[in-house]
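Participant: Next one to model:
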Amino acid sequence: MIILNMNAVNAKNEPVPGSTAAVILLEGKTKTNLDKTMDGKKLAAGNYVMSVVSEGKTASILVTIK
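Facilitator: Residues are numbered from 1 along each chain as shown. Below you'll find the model as predicted:
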């Protein structure tokens, strides 16, 4: 299983106060779309830190959605 946590960040890559992380689960696959969040809401345009968790390891990637 791969878990993606999408956290909104500002221009300084700091967490946006009051924002809630979007979660995307990948079970038995390695590809998905960023609109497959657990709450069913599409991610708004902006900057995000995507934390990817799998097999006990975590990677963080800065992502911009336009």
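
Participant: Which elements pack onto the one helix or strand residue 62 maps to?
Facilitator: Assigned by DSSP states H and E, residue 62 falls within strand 57-65. Counting contacts by 3 or more C-beta pairs under 8 Å, 6 or more residues apart in numbering; DSSP states H and E, strand 57-65 is packed against strand 46-54. Bear in mind the C-beta positions are built from the backbone N, C-alpha and C, glycine included.

Participant: still on that earlier bit, what's the angle from the strand holding residue 62 to strand 46-54?
Facilitator: Going by axes from the mean of the first three to the mean of the last three C-alpha atoms, to 10 degrees, strand 57-65 is angled at 160 degrees with respect to strand 46-54.

Participant: Please tell me how far residue 53 sits from residue 66.
Facilitator: 25 Å (C-beta to C-beta, to the nearest Å).

Participant: So if I had to pick from the two, which one is more boxed in?
Facilitator: Taking neighbours as other C-beta atoms under 10 Å, residue 53 and residue 66 compare with residue 53 leading, 13 against 4.
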